[in-house]
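A.B. asks: Model the structure of this input:
(chains A, B, C and D)
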Amino acid sequence: MLSFIYYIREFLRPKWITTFFTARTPPLTTPPYFRDFPELTDKECTHCLACMMICPAPEAIIVTQHEGVWRPEITKGHCIRCGLCIEACPEDVLASGRILAYKKEEELTLQGTFHIEINQSTCMGCGNCSVACPVNREIDPALRSSGTSTSDEVIMRIDTGQNKVLHEEKCTGCKTCEDNCSNKAIRVARVVEALQGGEE
Amino acid sequence: MKKTVDVSLPVGPMHPCFKEPCRIKCETRGEYVLSAEVELGYVKKGIERIMRGRPWQEVMFLAERVCGICSVIHNFVFIEAVENISGIVPTERAAFLRVIVNELDRMQSHLLANYSYCYTIEHETLAMYLLNLRETVMDQLELITGARVTCAYIIPGGVRSDLSAEDAERLRSALDHIDAELSRFIRIFETGPLIALRSKGVGILTKEAAIEAHAVGPTARASGIDNDQRSTHPTYKALGFSPIIRQEADNYARIMVRFEEVFQSTGLIRSALAALKEGPIRGGGTIKAGSIKYRNEAPRGELLYELTTDDYGRILEIAIQTPSIPNIQVCAHEMLIDAQSAADITSIFISSDPCIACTER
Amino acid sequence: MDIKDVPCPFCGCLCDDVKIQIEDNRITGVENCCTLGNAKFLSKSRLQHPIMRKDGKWVEVSYEEAIDETARILSDAVRPLLYGWSGTVGEAQVVGVHLAEEIGALIDSTTSVCHNPSILAIQEVGHPGCTLGQVKNRADLVIYWGCNPIEAHPRHMSRYTTYADGYFIDNTATDRKVIVVDIRRSDGAKVADEFIQVKPGGDYLVLSALRAMVRGKSDVVPDSVAGVKKVQLQRVADLMMKAKFGAVFFGLGVTMSRGKYKNVRNAIELVSELNRKTKFTISAMRGHFNVYGFNEVLTWMAGYPFAVDFSRGIAFYNPGETSVIDLLEKKEPDACLVVASDPGAHFPKSTIEHIAAIPTVQIDPCVNATTALCQVQIPVAITGIESAGTAYRMDGVPIRMKKVLETDFPTDQEILERIVTRIREMRADG
Amino acid sequence: MSMLQYLKNTVRSRSIHVAYVNVGSCNGCDIEILACLSPRYDIEQYGIYVHNNPREADVLLITGAFSSQWEDKLKPLWDKIPHPKVAVAIGNCPISGCVFNRPETLVDPPVSKHIPIAAEIPGCPPRPTEIISTILSLAPIIFKDYEETKK
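C.D. replies: From the prediction side, this is the model:
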């Protein structure tokens, strides 16, 4: 019996009555603070590949060159809208929601160090990783065009039948080598630290 | 006793009441349930296999996607586990922000569970009220973290973003709104005689059975067991947390425990907001080698991460024990048996708030 | 001492960018070379003297004696077989063909057991092919059909196709698609954009289905073709038609599975079909570094690419009758000369039994499975490392092999020339 | 176009019955579909009803990255839906496998390998607003002149 009174009271509230007669769904809007797919700002991309390094989803972001201009490209359907690329980008090329704003305000950064491991028993020395590596391609144009490494400045190259890491410190952790190794012989460990307040 | 006809009654795997695919196979005599068995395996993805050999920034997102409903707690437990291995201590402000987000997530999860229950017992009005209230909570989550479901808020050493003063004010007013609305809905639930008929005395889980079967979370707390892992967490201790326990041990108690925990969560968020001091939100720190077992209270109960990392912070071995694993078994072997009506099967099952995605991963 | 741009004498890729470090006439370092080539450059074990079986035991003999014995075996034979040739340079192959003509022998190469169906198909319908340089510079779609470049031609992808920057391709990383067709998920399939898993023996069906789709007759294709779903085939056909320049590479998965040369013919016709809409080429993934060279040499000397029988006094070519396996199956040869290949490791058991039963001579630097079947083995300089010459890459581009080490061992060419001279002397003696 | 056809088009775009199936998702997308039911978004005002019964559905919403359990189940389920019908992939998982698309995984994305997918809503998970607006924009196009186009 008590419940009837509660129900009647529920339905006699003025707010209930007004909403009952003027029921309207609010328009389908997305709030400005929603972390949507990252969008490009007008800043220039320096292809440091930090976004590719931090991206947790496979094939979601790739930095490519079109007509001489580098820019990150986000693949919808792969991107999980985590927003880490926006935080990791040192040049503020990407923006989404409020991430860019608070990143600047609070001086948030994500910094990484990288370590490349090559499994000697499975590496075939095919050179896919060292040719695909975007840093290698930058350093040694011969490697890019013919797969022939002529420089000792590259991160890694084929030597004595297997891939050898020469300059680990140049690695940007972009995982391109991992993706292009067909027998999973190369792994990049990415040790990322979340920092605040600039360089320590 | 003369045996009447035995019926093997399958429920699922696609059932309007279930959010996720699973199948309950019940042996019934008439409407009386003799035994029940839960059949799983429809959403197995092998997340733990994928996690192996990956750094925290990838595993964190995989951990979140163990379960889409209680994603924050998976993030929370995983990050605190690797922090404990590496000796990273989150900044004070970050610790409280974590609690705020975690409690918001718990609120929406409990509201969703109670929505499902009300929907299952065909009280659609209350169900819709609760679902609408959940949207308010989701708005707050989105306001703080920028995403509704997979927030990716907690990272080693701190949190992703700060809570500004005006956002905190919006959060406070939303909490007041939630409290006011929810007390109305609870009154509807508490005093509705039909609801009581469908809930009280149905799906009894005795304290002894609950202890024996290792029930966790609200399912166990409704049977009088004090097993809330938040009591051991330092930040919660600082906020003066004490678990909510009821003794009725039926569907009604389980739903009421969740309702009361929503109130408790709003209280915790308020005190966390009050305790929030200015300061950095990230402390830095890298993940080191080690292994750990770490647990905390998910909305559905105790969540345990057991993991080993290597020198470069990669996860070598990981095992996740989610709360729904014991709860589904408790539900099948203790609560469903002796149900007086086949119509109660779904309502009892939903009252234990099963999460199939968590269980199968 | 460093020597640059040494061609690697292993697989058909013939990578000519290998850098070699030499100390005291020994190779100490190899750069830019894959595991397979590296192993060949750095290999240590080899046969030091000619050996001959006498009373069931191996005895070391002089080169004179070994060549005398070989010449005797070959000139006594009624139907000698000269087999191998893919691991040596064109200059030696020329002498080999002269020798075959001299003694009326049947000459065949390893082509006979790998890409002979490809050659038959090309003879039927032509070859829309191009050099690997074209593929590298232009192709935006690469299809590997029935081959696993990662294991067999490791540097093929990084040097010529998938990863190397092309002159007309902006972004190899994004603009180039790779399709792998195989019966199992091979290593190469893991880097492919699209992997088609065909049931064994189903290549012909899949090729025909793709041809129908390229022709615009998708509705005749059933829902599943040799285990491949129609939607996937349609996706692949669309990819092919959208490509500006596609390159198909096929391996033994196509040639030596059910259907044989008809598979290859179908693949070539698919490519011709595609050429009505876009540009497409097809090439075989040739195995040994100079297997293509033998086809070239024999073609310009005898008119046919492999399996030529000189027993009639003219060059007679009839694959199925004059190809090596068929010949050995019929137990026809009564003497055999194996040059720079290893039939003992690859041939069917019954044919090996016949090789063991007849007098067999092997010319090879190393002891291998064929040694067990031989009467005589003559060690030679390792082609491409200790002796120079011309080899043809898998796309038909001739490349000059380099001599990087000094050696006392005679080359293949010298040994063969001495055998020819010895046989002529024997004939003159009557 | 006949009057009848016009009427059919109108009715079909205003009355859409939806079933959803979870083929291995983390249930994040499922609860976002559920959130569409809430009075905030209220999809029923657009004439969309969530029935979860394939036999009376027009639109099948698919979430999840296709676990092996569904290999023999999804196709029969799709065949049970009467024509005209469409399948819509919700979230990243059915499109690409999302973060689960790794070499070690047990799932087999994309779902379009198994049944035809008409539209895709990317996002992990997509917002309820995105789900609703996609289905609403899809509805008039997909069922338009069904009788004529099916031939």
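
A.B. asks: make it CA atoms for all contacts and neighbour counts henceforth
C.D. replies: Noted.

A.B. asks: State the number of residues packed around residue 12.
C.D. replies: Looking at chain A here, since you left the chain open. A:Leu12 has 11 neighbouring residues, counting by other C-alpha atoms under 10 Å in any protein chain shown.

A.B. asks: Can you look at chain D instead?
C.D. replies: Neighbours of D:Arg12 under the rule other C-alpha under 10 Å: 20.

A.B. asks: What distance do you get for it to A:Pro38?
C.D. replies: 36 Å (C-alpha to C-alpha, to the nearest Å).

A.B. asks: Could you do C:Glu273 as well?
C.D. replies: For C:Glu273, the distance to A:Pro38 - C-alpha to C-alpha - is 42 Å.

A.B. asks: Comparing these two, which shows the higher neighbour count?
C.D. replies: Under the criterion of other C-alpha under 10 Å, the comparison of C:Glu273 against A:Pro38 puts A:Pro38 first, with 22 against 18.

A.B. asks: so what are the domain limits for chain A?
C.D. replies: Following automatic domain parsing, chain A resolves into domains at A:33-106, A:114-188.

A.B. asks: Which one of those lies nearest to D:His114?
C.D. replies: D:His114 lies closest, by C-alpha to C-alpha, to one member of the domains of chain A: domain A:33-106, at 17.7 Å.

A.B. asks: Quick one: end-to-end distance for the closest one.
C.D. replies: Across domain A:33-106, first to last residue, C-alpha to C-alpha, it's 17 Å.

A.B. asks: Same question for stretch B:209-228.
C.D. replies: End to end - C-alpha to C-alpha - stretch B:209-228 spans 18 Å.

A.B. asks: From the rest of the structure, what touches it?
C.D. replies: Outside stretch B:209-228, the residues within contact range by C-alpha atoms under 8 Å, 6 or more residues apart in numbering or on different chains are B:205-207, B:243-250, B:253-254, B:257-258, B:297-302, B:323, B:326-327, B:329-330, B:334, B:352.

A.B. asks: In helices, which of the residues you listed appear?
C.D. replies: B:Lys207, B:Ala253, B:Arg254, B:Val257, B:Arg258, B:Pro326, B:Asn327, B:Gln329, B:Val330 (DSSP state H).

A.B. asks: mind listing what's buried in the helix or strand of chain C with the lowest mean pLDDT?
C.D. replies: Among the helical and strand segments of chain C, the one scoring lowest on mean pLDDT, DSSP states H and E is helix C:172-175, with a mean of 74. Using 16 or more other C-alpha atoms under 10 Å in any protein chain shown as the test for burial, helix C:172-175 gives C:Thr172, C:Ala173.

A.B. asks: what's it in contact with?
C.D. replies: Residues from elsewhere that reach helix C:172-175 (C-alpha under 8 Å, 6+ apart): A:Thr64, A:Ala132, C:Asp140, C:Thr162, C:Tyr163, C:Ala164, C:Asp165, C:Gly166, C:Ile169.

A.B. asks: For those, give me TSV that also has secondary structure and distance to chain B.
C.D. replies: Shown next, in TSV, are the contacts of helix C:172-175 (DSSP: H, G, I helix; E, B strand; the rest coil; distance: C-alpha to the nearest C-alpha, whole Å):
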residue	secondary structure	distance to chain B
A:Thr64	strand	23
A:Ala132	helix	21
C:Asp140	coil	32
C:Thr162	coil	27
C:Tyr163	coil	26
C:Ala164	coil	29
C:Asp165	coil	30
C:Gly166	coil	33
C:Ile169	coil	32
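
A.B. asks: Out of those residues, flag the one nearest to B:Ile348.
C.D. replies: Nearest member of the contacts of helix C:172-175 to B:Ile348, counting by C-alpha to C-alpha, is A:Thr64, at 54.4 Å.

A.B. asks: show me the contacts for the closest one.
C.D. replies: A:Trp70, A:Arg71, A:Pro72, A:Glu73, C:Asn171, C:Thr174.

A.B. asks: Right, and chain C sits closest to which residue of the stretch 151-300 of chain B?
C.D. replies: B:Ala152 (28.8 Å; C-alpha to the nearest C-alpha).

A.B. asks: how many neighbours does that residue have?
C.D. replies: B:Ala152 has 24 neighbours, counted by other C-alpha under 10 Å.

A.B. asks: And for B:Ala274?
C.D. replies: 11.

A.B. asks: gap between it and chain D?
C.D. replies: Distance, B:Ala274 to chain D, by C-alpha to the nearest C-alpha, to the nearest Å: 30 Å.

A.B. asks: And for B:Pro299?
C.D. replies: From B:Pro299 to chain D the distance is 15 Å (C-alpha to the nearest C-alpha).

A.B. asks: The most centrally placed residue in chain D: what's it in contact with?
C.D. replies: Compute the mean C-alpha point of chain D, and by C-alpha atoms, centre = their mean the closest residue is D:Leu61, 2.4 Å away. For D:Leu61, the contact set (C-alpha under 8 Å, 6+ apart) comprises D:Val18, D:Ala19, D:Tyr20, D:Val21, D:Ala87, D:Val88, D:Ala89, D:Ile90.

A.B. asks: Out of the contacts of A:Thr64, which end up buried?
C.D. replies: If we count by 16+ other C-alpha under 10 Å, these have these buried: A:Arg71, A:Pro72, C:Asn171.

A.B. asks: which of the contacts of stretch B:209-228 count as buried?
C.D. replies: Using 16+ other C-alpha under 10 Å as the burial test, these include B:205-207, B:243-246, B:248-250, B:253-254, B:257-258, B:297-302, B:323, B:326-327, B:329-330, B:334, B:352 as buried.

A.B. asks: hmm, the longest helix along chain B in reach of chain A?
C.D. replies: Secondary structure assigned by DSSP H gives helix B:92-120 as the longest helix of chain B. No - using C-alpha under 8 Å from any C-alpha of the partner chain, helix B:92-120 stays clear of chain A, coming no nearer than 12.1 Å.

A.B. asks: roughly how far apart are A:Lys103 and A:Asp92?
C.D. replies: 9 Å.

A.B. asks: Give the full set of residues in contact with the residue nearest the centre of chain A.
C.D. replies: The centroid of chain A falls nearest to A:Cys55 when counting by C-alpha atoms, centre = their mean (2.8 Å). A:Cys55 makes contacts with A:Ile61, A:Leu84, A:Cys85, B:Glu58, as judged by C-alpha under 8 Å, 6+ apart.

A.B. asks: picking up where we left off before, wait, which of the contacts of A:Thr64 is closest to chain D?
C.D. replies: Distances from chain D to the contacts of A:Thr64, taken by C-alpha to the nearest C-alpha, are shortest for A:Glu73, at 15.4 Å.

A.B. asks: helix, strand or coil for the closest one?
C.D. replies: strand (DSSP: H, G, I helix; E, B strand; the rest coil).
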